[in-house]
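Trainee: build me a model from this:
(one chain, ligands or ions: 1)
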Amino acid sequence: MAQLIDGKKISAELLDNVALEVADFKKMHGIAPSLAVVLVGDDPASQVYVRNKIQRANQVGIRSIEHRLAADVTQSELNDLVDELNWNPEVHGILVQLPLPAHLNEEDIVNAIDPCKDVDGFHPLNVAALALGNPKLVPCTPQGSMMMLTQTLGDLTGKHAVVIGRSDIVGKPMAALLLQSNCTVTMVHSRTRDIEALCRQADILVAAVGKPELVKASWVKPGATVIDVGINVTLIDGVRKLVGDVDFADVEKVAGAITPVPGGVGPMTIANLLQNTLKAAHVQMF
Ligand code: GUN
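Mentor: The predicted model follows:
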């Protein structure tokens with residue numbers, strides 16, 4: 001049976017560390033690092049994510065300011081809010097929860113965020129910095145996934161990593177980080193031929209596609225490390241259940257190590273968001 005990679009435990013250690021550094025920051029600067037979270041509309045999943053982020057921020061001593069906007073807010077009203085947060089010296093991090101309602105242009109909003117306050121790492125300047133091998137603010141989920149990999153495997157040099165999914169939020173930055181850690185990286189996606197055969201070559205398999213239990217044991221090389229980024233709500237016998245992109249019960253029989261859902265990558269994402277907020281705050285103090 002595979003070793004379980006415990007995201008709750010690893011993230012708790014990271015959060016303890018962030019809390020200590022936040023306390024130092026407050027002593028040094030007389031103010032708390034602060035994070036503005038913008039939530040547009042009433043998407044239930046986004047509401048849960050935002051609530052968790054704010055709760056954790058408060059636990060480590062980061063001041064969080066929630067801005068809730070109606071689903072029919074205009075692009076220019078949202079832009080005005082982002083501008084105001086960009087200029088406010090008491091705000092160090094800005095997170096606009098995605099997805100936005102369809103009438104809003106996500107790209108324009110992400111581009112409007114000050115790159116120094118872009119704690120999601122989605123702004124083109126932060127994306128470029130990562131691609132060029134000089135990362136500044138790095139997307140939280142891939143960063144958290146890398147921490148789990150290095151805690152489990154140590155040095156990743158020379159390992160073959162296969163990333164399933166090519167999203168801007170996870171797949172692409174994950175591939176960039178793995179490459180920076182000297183992995184040989186393959187990206188596979190919906191148009192890839194014979195995904196299974198490519199996945200079976202992976203020493204490290206990262207699933208980030210949003211398809212419930214897509215990855216089966218037959219896709220996994222015995223002993224491989226499997227990181228499951230998926231969070232899918234499914235109905236099993238009429239009961240709502242959270243499952244990943246990996247068929248956990250099947251894959252744990254062949255993998256060397258595997259992250260569970262829930263309790264795997266999810267808590268790592270939030271811990272990294274708060275670490276990014278602290279980092280952004282530090283940079284803005286000088
Ligand atoms: N929606 C789903 N994941 C994320 C994330 O990491 N950041 C933001 N802003 N929105 C999301």
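
Trainee: quick one, phi/psi of the closest residue to the ligand within the stretch 1-150 of the chain?
Mentor: The nearest approach of the stretch 1-150 of the chain to the ligand comes at Leu98, 3.7 Å away (Cβ to the nearest ligand atom). Glycine gets a C-beta too; all of them are placed from N, C-alpha and C. Dihedral angles of Leu98 (phi, psi; degrees, to the nearest 10) stand at phi -110, psi 150.

Trainee: contacts only, for it.
Mentor: Ser46, Glu106, Ile169 (Cβ atoms under 8 Å, 6 or more residues apart in numbering).

Trainee: confidence score at the second one?
Mentor: The confidence metric pLDDT takes the value 98 at Glu106.

Trainee: again with Phe286
Mentor: 77.

Trainee: kindly report the same for Asn88.
Mentor: Looking at Asn88, the pLDDT reads 98.

Trainee: returning to what we had before: which among the contacts of Leu98 are in contact with the ligand?
Mentor: Ile169 (Cβ under 6 Å from any ligand atom).

Trainee: could the contacts of Leu98 go into a markdown table alongside neighbour count?
Mentor: Formatted as a markdown table, those follow (neighbours: other Cβ atoms under 10 Å):
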| residue | neighbour count |
| --- | --- |
| Ser46 | 16 |
| Glu106 | 15 |
| Ile169 | 18 |
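
Trainee: just give the number of residues close to Asn134.
Mentor: 9 (other Cβ atoms under 10 Å).

Trainee: what's near enough to touch Gly256?
Mentor: Taking Cβ under 8 Å, 6+ apart as the test, what Gly256 contacts is Ala2, Gln3, Pro222, Gly223, Ala224, Thr225.

Trainee: tell me the two of those that are most distant?
Mentor: Gln3 and Pro222 (13.4 Å; Cβ to Cβ).

Trainee: Glu252 against Gly244, yeah?
Mentor: No. Assessed by Cβ atoms under 8 Å, Glu252 is found out of contact with Gly244, at 11.6 Å.

Trainee: and the two? Which one has more around it.
Mentor: Gly244 (30 against 19).

Trainee: show me what contacts the more buried one?
Mentor: By Cβ under 8 Å, 6+ apart, the contact list for Gly244 reads Ala207, Pro212, Glu213, Asp228, Val229, Gly230, Ile231, Asn232, Thr259, Pro260, Val261, Gly264.

Trainee: need phi/psi at the residue nearest to the fourth one when sequence neighbours are not counted.
Mentor: Spelled out, it's Asp228. Closest residue to Asp228 apart from its sequence neighbours, by Cβ to Cβ, 6 or more residues apart in numbering: Gly244 at 3.7 Å. Backbone dihedrals for Gly244, given as degrees, to the nearest 10, come out at phi -90, psi -170.

Trainee: contact partners of the lengthiest helix in the chain?
Mentor: Looking across the chain with DSSP state H, the single longest helix is helix 7-29. Helix 7-29 is contacted by residues 32-33, 56, 59-62, 144, 147-148, 151, 259-260, 263-268, 270-272, 274-275, 278, 281-282, 285 when judged by Cβ under 8 Å, 6+ apart.

Trainee: one more time with 6 Å
Mentor: Residues outside helix 7-29 that contact it (Cβ atoms under 6 Å, 6 or more residues apart in numbering): 32-33, 60-62, 151, 263-265, 267-268, 271, 274-275, 278, 285.

Trainee: which among the residues you listed end up buried?
Mentor: 32-33, 60-62, 263-265, 267-268, 271, 274-275, 278 (16 or more other Cβ atoms under 10 Å).
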